[in-house]
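> what follows is a predicted structure for the sequence shown.
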Amino acid sequence: MRAVEMKTLNRSGSRLILENNTITFSWLVMTLFNLGVVLTTGLIVTDRYPLQDGEVFPWWVIAIFWLGAIAGSIWAYSKTRTCLIINHQGGTITRIDILFRTSQIHFKPHEVQRLEVLRTTDVDGDPYFYCELAIAGQKPVRVAEGHFQNPLEDVLQELRQTIGLS
């Protein structure tokens, strides 16, 4: 068993299991942020925030937090976790959404259109890499990702060997 930044790679016999759980942290952060916004808004509304005579509560501050909660939720909850179980006969990709909705894609080795490590940058401008698997007729899947290229190249080689694309 080997770790690739919050991703696990597990070889059991002739089968390879690869999970990409990177988005789980974002789901947790957004859930806690949303909870904080809801509770704060509830306290302000129920306790009638103490104001002096003639003062008006700055509702625009709460509106900014609500907009942040909505925008962050749309971004975070639209992402999926993936689990790839693969052997020499093909594999299964399982996508798990935040609401525990799952979808599975079964594929054969000849349906693999692309399997490569791609380079991009993160928000700080640092290099960021991800190993992407593209199946004919399906949206590409990031099976592993991280800031270091070498571990992802190892994952890529393991995938190619297991599928038989060496």
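Looks like it arrived, so ask away.

> give me the next element, helix or strand, following the helix or strand hosting residue 128.
Using DSSP states H and E, residue 128 maps to strand 127-135. Later in the chain than strand 127-135, the nearest helix or strand by DSSP H and E is strand 141-146.

> just to revisit the earlier point, does anything pack onto the strand holding residue 128? Which helices or strands?
Here strand 127-135 touches strand 112-121, strand 141-146, helix 149-163, going by 3 or more Cβ pairs under 8 Å, 6 or more residues apart in numbering; DSSP states H and E. To be clear about C-beta, it is placed using only N, CA and C from the backbone, and glycine gets the same treatment.

> kindly state the domain boundaries assigned to this protein.
As given by automatic domain parsing, the domain ranges for the chain are 2-22+81-163, 27-77.

> what about the last one, distance to the chain center?
Domain 27-77 sits 25 Å away from the centroid of its parent chain (Cα atoms, centre = their mean, to the nearest Å).

> would you mind finding the longest helix in this protein?
Assignment by DSSP state H gives helix 23-47 as the longest helix of the chain.

> returning to that earlier point: looking at the domains of the chain, which one is packed in the most?
domain 2-22+81-163 (a mean of 16; mean count of other Cβ atoms under 10 Å).

> end to end, how far does stretch 84-103 reach?
End-to-end distance of stretch 84-103: 12 Å, with Cα to Cα, to the nearest Å as the criterion.

> which residues are in contact with that stretch?
Contacts of stretch 84-103 with the rest of the structure, by Cβ atoms under 8 Å, 6 or more residues apart in numbering, involve 14-19, 27, 76-77, 80-83, 104-109, 111, 133, 135, 138, 141, 143, 159, 162-164.

> hang on, residue 66 in a strand?
No: going by DSSP: H, G, I helix; E, B strand; the rest coil, the assignment for residue 66 is helix, not a strand.

> confidence score at it?
Residue 66 carries a pLDDT value of 96.

> grab the nearest non-local neighbour of it.
residue 37 (6.2 Å; Cβ to Cβ, 6 or more residues apart in numbering).

> I'd say the one you found and residue 65 touch.
Yes: with contact defined as Cβ atoms under 8 Å, residue 37 reaches residue 65; the gap is 5.0 Å.

> what's the following helix or strand after the strand or helix carrying residue 95?
Using DSSP H and E, residue 95 sits in strand 90-96. Downstream of strand 90-96, the next assigned helix or strand under DSSP H and E is strand 102-107.

> so where's this structure shaky on pLDDT?
For the chain, the stretches with pLDDT under 70 are 1-14, 48-51, 54, 99, 166.
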